[in-house]
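S.K.: build me a structure from this.
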Amino acid sequence: MENTSEDLNYIAQQAKTIALQAGQLILELRQDQLIRNYKSGHELVTNADIQSDQLIRSAIRQQFPAHNILSEELASDYSDPSIFQQPLWIIDPIDGTVNYAHDQQHVAVSIAYAEGGDVKVGVVFNPILNECFLAIQGQPACLNDQPIRVSQQQQLKHALIGTGFPYDKSQIPALLPRLHQVLSHCQDIRRCGSAAMDICYVACGRLDAYYETVKPWDFAAARLIALQAGATAGHLDRCPNDIPPAFYGEQMIVASPGIYDELHQLLQIQ
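M.R.: Next up is the predicted model:
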């Protein structure tokens, strides 16, 4: 399937409308109706995650009944790489659930549309700050309808770097040498709790780079937004042949072009 720019503009407007509706819903639920649970024994999930997921899925199915949906809350199986070649929506109803449940601001609804192995549309909406990031492949990225660009940072020692850590605490020791490298060679580090927001912050210059291992629903929309804002994106290791880079989240890096190569080299720790 090949879309014209008019088709993608329509899809982007629908994605934005759905994200705004989901954002309003999670704002209302956080006031006095929040119910907290845990999946896999350690990952926080709330009733707002579930209801936001249901709202987004229902809206997409109503508008695009033939499209597939990949969602965090249904623990979607994407082991068959052919799914990425079909018209596909990748959604995270609340990225930054721990922040959301603790009344913090780094929270987002993330909606991406992909086909042919690449993301074509991305929307990341933070309803708490009323910030909506949007990009269409081949067009400038925007924040609240105003064009954005990555920073012009050229020196790693002056760069502010974002990252995150897994829920599985047993994985953290292996990440500490890399963290030490960043803290020793960059201006500072930020761990804000939402991959989608962190990558969008790279897109608009609030961060100079971001690295982490994340799932497709965490970054699919934000990565496109960053790319359309001038960022460079890649991985520490080569992507598997059957998974397109737009959906591969292992050891991912998104950075301003001026520091990408140096940061990539810095993070090469075996």
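S.K.: how close does the closest residue to residue 52 other than its chain neighbours get to residue 235?
M.R.: Nearest residue to residue 52, sequence neighbours excluded (Cβ to Cβ, 6 or more residues apart in numbering): residue 93, at 3.4 Å. Using the backbone N, CA and C atoms, a C-beta is placed for each residue, glycine as well. Distance, residue 93 to residue 235, by Cβ to Cβ, to the nearest Å: 26 Å.
S.K.: and those two? Which one has more around it.
M.R.: Using other Cβ atoms under 10 Å, the more surrounded residue of residue 93 and residue 235 is residue 93, with 30 against 16.
S.K.: please identify the buried residues of whichever strand or helix holds the more buried one?
M.R.: Using DSSP states H and E, residue 93 maps to strand 88-95. Neighbour-count burial for strand 88-95, counted by 16 or more other Cβ atoms under 10 Å, picks out 88, 89, 90, 91, 92, 93, 94, 95.
S.K.: tell me the two of the residues you listed that are most distant?
M.R.: 88 and 94 (20.1 Å; Cβ to Cβ).
S.K.: and for residue 206, the neighbour number?
M.R.: When neighbours are counted by other Cβ under 10 Å, residue 206 registers 16.
S.K.: that one should be in a helix, yeah?
M.R.: No - according to DSSP: H, G, I helix; E, B strand; the rest coil, residue 206 belongs to no helix; its state is coil.
S.K.: contact partners for it?
M.R.: Neighbouring residues of residue 206 by Cβ atoms under 8 Å, 6 or more residues apart in numbering: residue 160.
S.K.: from the buried residues of strand 88-95, pick the one nearest residue 37.
M.R.: residue 94 (13.3 Å).
S.K.: what sits closest to the closest one if chain neighbours are left out?
M.R.: Leaving out its chain neighbours, the residue that sits closest to residue 94 by Cβ to Cβ, 6+ apart is residue 49, at 4.9 Å.
S.K.: in a strand, that neighbour, correct?
M.R.: No - looking at residue 49 with three-state DSSP, it is helix, so not inside a strand.
S.K.: just the buried positions in stretch 256-270, please.
M.R.: Result for stretch 256-270 [16+ other Cβ under 10 Å]: buried residues 256, 258, 259, 260, 262, 263, 264, 266, 267.
S.K.: circling back to that earlier point, and the residue nearest to residue 94, how far from residue 100?
M.R.: Counting by Cβ to Cβ, the separation of residue 49 from residue 100 is 8 Å.
S.K.: okay, and the common contacts of these two?
M.R.: Common neighbours of residue 49 and residue 100, using Cβ under 8 Å, 6+ apart, are residue 94.
S.K.: and those two? which has more neighbours close in?
M.R.: Taking neighbours as other Cβ under 10 Å, residue 49 and residue 100 compare with residue 100 leading, 28 against 23.
S.K.: does that one touch residue 107 like I think?
M.R.: Yes - using Cβ atoms under 8 Å, residue 100 makes contact with residue 107 at a distance of 4.6 Å.
S.K.: give me the common contacts of these two.
M.R.: Joint contacts of residue 100 and residue 107 (Cβ under 8 Å, 6+ apart) are 26, 94.
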